[in-house]
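A.B. asks: Fold the following for me, if possible:
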Amino acid sequence: MKQNNYDLIIIGAGAAGMIAAIVASRNNKKTLILEKLPQIAAKLKATGGGRCNLTNTLSDEDFMAKFGRDGRFMQDALKKFNHKQLIEFFDFIGVETHAPDGFRVFPKSHSAISIIAALKDELKKLNVDILCSSKVQNLLEKEKHIFGLNTDKESFYSKNIIVATGGLGYPVLGAEGDGYKMAEDLGHKTTKLSPAMMPLKTKETWMSNCRADTIAKVELRVDIKKYKKLYAKGDLIFTKSGIRGPVVLDFAREITPLIEKYGEVPILANLSKGKNEEQVSQFVKKEVEKDPHADILKHITKLLPKSLSLELLKLVDIDPTLTYSKISGSQKAKLMSILTWTPLTITGHDGFKMAMITRGGISLKEINPKTMQSKIIKGLYFCGEVMNLDGPCGGYNLQWSFASGNLAGQLL
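C.D. replies: A predicted model of the protein is given here:
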């Protein structure tokens with residue numbers, strides 16, 4: 001095998017790996033990216049349904065809070081590369097961005113292809129070597145110092161290696177968990193790994209009749225006393241076998257570990273745009289006053305789509321053709337309750353096959369947050385999803401990939 005020497009080798013050509021390569025090369029480091037797929041940025045191309053939600057406009061403090069108790073690990077990375085610096089970076093390499101809703105930041109093209117093309121051009125301009133279809137088999141270490149790696153074809157040597165392999169989500173896009181094994185082989189610990197950001201399956205089947213509509217501003221809560229504080233808000237879509245949509249993608253991060261623990265997870269869904277039971281009751285009564293002879297279905301469809309209104313009426317055994325005055329008091333109470341908080345039972349998901357991100361990863365305790373360098377092996381760095389840090393839907397995880405890649409690429 002011939003020797004190939006570099007100042008830096010990066011494993012993985014996703015968002016984190018590419019920006020790390022750009023930063024290092026701008027600092028005159030001879031850099032190599034190794035990508036096991038035939039092309040770079042496969043997962044980035046699929047991000048946000050191809051629209052590529054790069055980041056969001058939250059302050060650094062609020063941004064970190066969305067990642068939970070480990071969020072402050074990002075503090076140093078965000079100081080050097082938060083959403084403002086990310087926007088400036090892309091503007092510099094020729095990609096205009098905007099935040100049409102004032103929060104989520106997209107390329108103006110609303111296409112990940114424009115992001116990938118600009119990153120490719122910058123990598124080419126900086127003479128970064130990129131080898132695709134090159135799978136890393138193991139890292140080489142001596143006396144707690146990294147010095148190279150072996151691929152399935154040849155060996156490469158460097159005193160600095162960045163692991164930017166991502167998680168286990170979307171295996172069709174190359175996710176196999178390679179980075180976890182590489183780190184573990186050198187003494188790092190990996191936390192429990194769970195699929196996140198994906199559709200969820202329910203025990204109930206009635207929602208298969210409600211697939212035509214998106215329900216806006218839904219709140220989901222776990223209906224287990226110990227986990228009452230777990231909730232998410234956003235748009236919801238019913239499917240043949242359960243629920244999906246932005247609110248479900250966020251909620252799945254919290255639910256998947258509970259499914260493993262309990263088998264089934266009862267949840268409550270507020271489908272009435274945040275109204276409480278009293279507000280729902282007042283809303284319906286006002287509609288009844290406008291047209292007291294109309295059937296109850298007509299009144300409920302002022303609040304929810306017809307297909308969903310029909311199913312909820314069925315659940316509380318109310319004939320949709322009855323007028324409000326013909327419904328008993330106990331049935332009215334049940335109706336107001338289910339309109340406010342609809343019970344569902346989460347029973348499963350499609351695993352990592354449909355997961356956009358991975359919950360869990362290489363332990364943050366073993367990584368220096370000021371540099372992204374391993375505390376165990378000198379010259380070994382990590383960035384992006386391979387670490388035990390994941391955020392909700394809305395540009396959080398991609399911003400973290402770019403910020404951590406930027407910091408790791410500085411080789412501090």
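A.B. asks: those helices in the protein, which residues are they?
C.D. replies: For the chain, helices defined by DSSP state H occupy the ranges 15-26, 42-46, 60-65, 75-80, 83-92, 112-125, 178-185, 246-262, 277-290, 296-300, 306-315, 329-340, 396-408.
A.B. asks: The last one to helix 112-125, inter-axis angle?
C.D. replies: Right, helix 396-408. Relative orientation of helix 396-408 versus helix 112-125 (axes from the mean of the first three to the mean of the last three CA atoms, to 10 degrees): 10 degrees.
A.B. asks: how far is helix 396-408 from where the chain is centred?
C.D. replies: Centroid separation for helix 396-408 versus its chain: 13 Å, with CA atoms, centre = their mean, to the nearest Å.
A.B. asks: before we move on, what about the fifth one?
C.D. replies: Centroid separation between helix 83-92 and its chain, computed with CA atoms, centre = their mean, is 21 Å.
A.B. asks: Also the first one?
C.D. replies: From the chain centre to the centre of helix 15-26 is a distance of 22 Å (CA atoms, centre = their mean).
A.B. asks: tell me which residues of it are tucked away?
C.D. replies: Under the neighbour-count criterion of 16 or more other CB atoms under 10 Å, helix 15-26 has 15-25 buried. All C-beta atoms are positioned from the backbone trio N, CA, C, and that covers glycine.
A.B. asks: Equivalent analysis for the fourth one, please.
C.D. replies: Within helix 75-80, the residues that qualify as buried by neighbour count (16+ other CB under 10 Å) are 76-78.
A.B. asks: and of these, the nearest to residue 168?
C.D. replies: Minimum distance to residue 168 across the buried residues of helix 75-80 is 22.6 Å, recorded for residue 77 (CB to CB).
A.B. asks: Need the residues that contact the lowest-mean-pLDDT helix or strand in the chain.
C.D. replies: For the chain, counting by mean pLDDT, DSSP states H and E, helix 42-46 ranks last in confidence among helices and strands (a mean of 87). Applying CB atoms under 8 Å, 6 or more residues apart in numbering, the contact partners of helix 42-46 are 14-15, 52, 112-113, 115-116, 166, 170, 173-175, 398.
A.B. asks: let's see 10 Å
C.D. replies: Residues from elsewhere that reach helix 42-46 (CB atoms under 10 Å, 6 or more residues apart in numbering): 12-16, 18, 35, 37, 39, 52, 54, 111-113, 115-116, 119, 166-167, 169-170, 172-175, 356-357, 385, 398, 401.
A.B. asks: and if you look at stretch 84-93?
C.D. replies: 19, 22-23, 54-55, 57, 60, 78-79, 81, 95-99, 105, 107, 114-115, 117-119, 121-122, 125, 395, 398-399, 402-403, 406.
A.B. asks: and those residues, which are buried?
C.D. replies: Members of the contacts of stretch 84-93 classed as buried by 16+ other CB under 10 Å are 19, 22-23, 54-55, 57, 60, 78, 81, 95, 97, 99, 105, 107, 114-115, 117-119, 122, 395, 398-399, 402-403, 406.
A.B. asks: And stretch 311-323, what's buried?
C.D. replies: In stretch 311-323, counting by 16+ other CB under 10 Å, buried: 311-313, 316, 318, 320.
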